[in-house]
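Colleague: Show me how the following folds:
(chains A and B)
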Amino acid sequence: MGVNRVLKSADRKISIVFILLAIGYLSLSYQLPPYPFVPIDSDLVPKVLGFLLIALSIILFLNANPKDQEEKKSSVSRQDLRIFILVTVLIILYISLLEVIGFVIVSMLFIFSCSWLLGYKNFKVNAMVSILFPITVFYIFNYLLQINLPSGMLPF
Amino acid sequence: MNTVQGLWQGFQVAFSWEGIFFVFIGVTIGTLIGMLPGLGPITAIAIMIPMVYGMDPTIAMVLMAGVYYGAVFGGSTSSILLNAPGVSGTVATSFDGYPMAQQGEAGKALAIAAIASFTGGTVSIILLMLFAPTLAQIAVSFGPVEYFALMFMGLVAISSLSDGSAIKALISGVLGFMAVTIGIDAQTGTPRFTFGNANLLEGIDFLVVALGLFALAEVAFLIKNRNNVGIEKTQNIGSLKLTRQDVKEMTGPLLRHSPLGFILGVLPGAGATIASFISYITEKRFSKKPEEFGKGSIKGLTAPETSNNAATSGAFVPLLSLGIPGSGTTAIMLGALLVLGINPGPLLFQDHPEVFWGVVASMYIGNIFLLILNLPLIPYIAKILKIPRPLLISLIIMFCMIGVYSISFNIFDLYLLLAFGFVGYLFRLFAFPAPPFILAFILGGMMEQSLRQALTISNGNFMILVESPIAIGLFILSILSFAFPFIKNRKIQKA
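Modeller: Numbers count the residues shown, from 1 in each chain, chains lettered A, B, ... in the order given. Next comes the predicted model:
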């Protein structure tokens, strides 16, 4: 099983990341200010969790098979990675423009460009969906559910 | 209140205009999302949550429950037609359902799956109705120690029973617990792990975690697999009719796996997926013709389909009677109920009996709707599988964003959602199961609270944890369930 081997060799690196995470978390837990009037303070559970994570990560590290270390193969192709990054950029743009331009327009732009980016070339259907869906959702949220989505530049 | 009175009250809720409408909406959305390979019931429910805020809690619960069992019901369609299970609970369905479809009997397979799902679901609701109130009565006497032990067992059980490595599942649970410690500590008011960020003071909203870890991460996998779904080819579904012989073959597994699935659903950590596999394996083991399994056996299709739906209703027992979810999906429902101001648990039966009975009664109606949706209407509904992936992906991303925004109205939470999406994607990539994370995230706060309550009672003496016999029993069960995967692995290696 090629996939399993790759995962196992990756497990060692992951366990080290988790140990570092646990150390950071623990050091913050030890800095928590004490609260004098309770027998059990807010630092107890985080400390237990931090040490538990270290213990589990060590077990994960020891269980991983070091022999498979060389067999490194990225399971994400270069093309997929490029698309992931582009979709992420689109999402970040969506988030940052949501309150500026408003839900309807920003959603229209997002659905259209994201579908196009993912390889949907039927221009007409894409345009229709991108226009109709945000308007329908906006209507349902604002008028039926009484949840006000940002209207932005649009007057309604 | 006795069962008959309760059920009468429940049917009044379920047969109201609103009740029928939202059951129908719930099971329809559940069926549709369940059919789409890659999108599971957790995503389906999480996307619905923004819409149920502000709704009457009973109706909201009716809707979410409908989405859940509808998804498990509908998941079988893509297992049979595409060999691409819509939800993990219907993986075992594809073992015999897909070969049947390949032999030109897709219609028959769909009909068997629908009838098996309906029977499993309905029998299980009856058991739910009988067991949950009794369990709640026992649980009324539970104090913080027992609750802590119960939640501890739930977390350990889901970790040891989830797919893949138990260590990874436990790590996932610990990380989920860590994530929920972020924010102001409820007892002392100490801000923890907030890095001075005001947005983190109230902690992370569970919807952000649920949508990120499940919906967005599932979207990432849809993106990766957007090209290799051979849905375009139209399949002739064939006749839906069953012969008398077919029905006879189904009877045995229906009777066996309805109660078995229910019990497995009640157990913490098990749920629909494990129930369906156990049912498939036992049915095969006890079959006189095991060689037929995997080649289109009617029994092999009936068993897991009965069991996964029975387990789905069974999962409501711990959720509604103890207030403690045993799976990722019911954990999301608990999160939603808490936001709606309902505390599920033993007191639910005294304070809000209409929630429990309304949901139970609505499940009967929902299963009838599902039978109609999945039998005569299935050829039309299966068309949803033809929606172009890119459009679907874009729309789901938009729904996730709006879902989070409509609850917090905070842009920061959207970035957090994206971050959890990445975490969820990495989890999947490195085979860390996500359900323990969300369960720990939702139970974590309550667990810490009950632990500290117990230790406050004992003035810091940890011995209080092992003074209650019920708690001792639960801790022993936790240790046993933790040891289970190791024994299981050893047996597999020997075999």
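Colleague: pLDDT at residue 25, what is it?
Modeller: Assuming you mean chain A. Residue-level confidence at A:Tyr25 comes out at 95, pLDDT.
Colleague: wait, I meant chain B there
Modeller: The per-residue pLDDT reported for B:Ile25 equals 93.
Colleague: Then the one 4 residues further on?
Modeller: On the pLDDT scale, B:Ile29 is placed at 92.
Colleague: Next: the one 10 residues further on.
Modeller: We note a pLDDT of 82 for B:Leu39 in this prediction.
Colleague: do A:Ser74 as well
Modeller: Per-residue confidence at A:Ser74 stands at 50 (pLDDT).
Colleague: Tell me if B:Phe195 really is in a helix.
Modeller: No - for B:Phe195, which was evaluated using DSSP: H, G, I helix; E, B strand; the rest coil, the result is coil, with no helix membership.
Colleague: quick one: contacts for B:Thr43?
Modeller: By Cβ atoms under 8 Å, 6 or more residues apart in numbering or on different chains, the contact list for B:Thr43 reads B:Ile33, B:Leu211, B:Phe214, B:Ala215, B:Glu218, B:Ile396. For every residue, glycine as well, the C-beta is placed using N, CA and C.
Colleague: could you redo the last one with a cut-off of 7 Å?
Modeller: With contacts defined as Cβ atoms under 7 Å, 6 or more residues apart in numbering or on different chains, B:Thr43 is in contact with B:Ile33, B:Phe214, B:Ala215, B:Glu218.
Colleague: tell me the SS of the second one?
Modeller: Three states are possible here, and by three-state DSSP the one that applies to B:Phe214 is helix.
Colleague: Contacts only, for it.
Modeller: With contacts taken as Cβ under 7 Å, 6+ apart, B:Phe214 has the following neighbours: B:Gly40, B:Ile42, B:Thr43, B:Ala46, B:Gly424, B:Ala434.
Colleague: if you set the cut-off to 6 Å instead, what comes out?
Modeller: Each residue near B:Phe214 by Cβ atoms under 6 Å, 6 or more residues apart in numbering or on different chains is listed here: B:Ile42, B:Thr43.
Colleague: Out of the contacts of B:Thr43, grab the one that's most surrounded.
Modeller: For these, neighbours were counted by other Cβ atoms under 10 Å in any protein chain shown; the highest total belongs to B:Phe214, with 31 neighbours.
Colleague: if I read this right, A:Ile111 contacts A:Met128, doesn't it?
Modeller: No - taking contacts as Cβ atoms under 6 Å, A:Ile111 lies outside contact range of A:Met128: 10.6 Å.
Colleague: Between these two, which is the more surrounded one?
Modeller: A:Ile111 (26 against 11).
Colleague: Check what pLDDT the residue sitting nearest the centre point of chain B gets.
Modeller: Central residue of chain B (Cα atoms, centre = their mean): B:Thr329, 3.4 Å from the mean position. As predicted, B:Thr329 sits at a pLDDT of 88.
Colleague: With B:Phe486 instead?
Modeller: In this prediction, B:Phe486 carries a pLDDT score of 65.
Colleague: Okay, now the unreliable bits of the stretch 101-250 of chain B?
Modeller: Of all residues in the stretch 101-250 of chain B, those with pLDDT under 70 make up the ranges B:163, B:227-236.
Colleague: what residues does the stretch 201-350 of chain B put near chain A?
Modeller: Within the stretch 201-350 of chain B, the positions adjacent to chain A are B:Lys224, B:Arg226 by Cβ under 6 Å from any Cβ of the partner chain.
Colleague: Check the stretch 201-350 of chain B for the residue nearest chain A and tell me.
Modeller: Using Cβ to the nearest Cβ, the closest approach of the stretch 201-350 of chain B to chain A is made by B:Lys224 at 5.5 Å.
Colleague: Look up how far B:Leu36 lies from that residue.
Modeller: Spatial separation of B:Lys224 from B:Leu36 under the definition Cβ to Cβ, to the nearest Å is 15 Å.
Colleague: Those two: who's more crowded?
Modeller: The neighbour comparison of B:Lys224 against B:Leu36 (other Cβ under 10 Å) goes to B:Leu36, with 28 against 18.
Colleague: residues in contact with that one?
Modeller: Contacts here follow Cβ under 6 Å, 6+ apart; on that basis B:Leu36 touches nothing.
Colleague: Apply 10 Å and report the result again.
Modeller: Residues in contact with B:Leu36, defined by Cβ atoms under 10 Å, 6 or more residues apart in numbering or on different chains, are B:43-44, B:71, B:74-75, B:77-78, B:84, B:86-87, B:218, B:222, B:229, B:231, B:384-385, B:387, B:389, B:392, B:396.
Colleague: Which of these are buried? Put it as a PyMOL command.
Modeller: The following PyMOL command selects only the buried members of the contacts of B:Leu36, with burial defined by 16 or more other Cβ atoms under 10 Å in any protein chain shown:
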select buried, chain B and resi 43+44+71+74+75+77+78+84+86+87+218+222+229+231+384+385+389+392+396
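Colleague: Narrow the contacts of B:Leu36 to those in helices?
Modeller: Counting by DSSP state H, the part of the contacts of B:Leu36 found in helices is B:Thr43, B:Ala44, B:Ala71, B:Gly74, B:Gly75, B:Thr77, B:Ser78, B:Glu218, B:Leu222, B:Arg389, B:Leu392, B:Ile396.
Colleague: quick one: secondary structure of B:Gly341?
Modeller: Put simply, B:Gly341 is coil when judged by three-state DSSP.
Colleague: following the longest helix anywhere in chain A, which helix or strand comes up?
Modeller: Of all the segments of type helix in chain A, defined by DSSP H, the longest one is helix A:2-30. On the C-terminal side of helix A:2-30, the closest following helix or strand by DSSP states H and E is helix A:44-63.
Colleague: anything in that next one near chain B?
Modeller: Yes - Helix A:44-63 lies in contact with chain B when judged by Cβ under 10 Å from any Cβ of the partner chain; the contacting residues are A:44-46, A:48-50, A:52-57, A:59-63.
Colleague: Using neighbour counts, give me the buried entries of those.
Modeller: In terms of neighbour count (16+ other Cβ under 10 Å), the buried residues within the residues of helix A:44-63 next to chain B are A:44-46, A:49-50, A:52-54, A:56-57, A:59-61.
Colleague: I'd guessed B:Gln449 sits against B:Thr181; true?
Modeller: No - B:Gln449 sits out of contact with B:Thr181 when judged by Cβ atoms under 10 Å, with a separation of 11.8 Å.
Colleague: Now the common contact residues for these two.
Modeller: When contacts are counted by Cβ under 10 Å, 6+ apart, B:Gln449 and B:Thr181 are jointly contacted by A:Val45.
Colleague: phi, psi of the nearest residue to A:Pro34 once chain neighbours are set aside?
Modeller: Excluding the flanking residues, the one nearest A:Pro34 by Cβ to Cβ, 6 or more residues apart in numbering or on different chains is A:Asp41, at 5.7 Å. Backbone torsions of A:Asp41, given as degrees, to the nearest 10, read phi -90, psi 180.
Colleague: and the gap between B:Leu155 and B:Phe148?
Modeller: According to Cβ to Cβ, B:Leu155 stands 11 Å off from B:Phe148.
Colleague: Need the overlap of contacts for those two.
Modeller: Taking Cβ under 10 Å, 6+ apart as the contact rule, the neighbours common to B:Leu155 and B:Phe148 are B:Met447.
Colleague: Tell me which helix or strand the closest residue in space to B:Val62 that isn't next to it in sequence sits in.
Modeller: In space, and not counting its chain neighbours, B:Val62 is closest to B:Ser362: 4.2 Å by Cβ to Cβ, 6+ apart. Remark: B:Ser362 resides in helix B:353-374, with elements defined by DSSP H and E.
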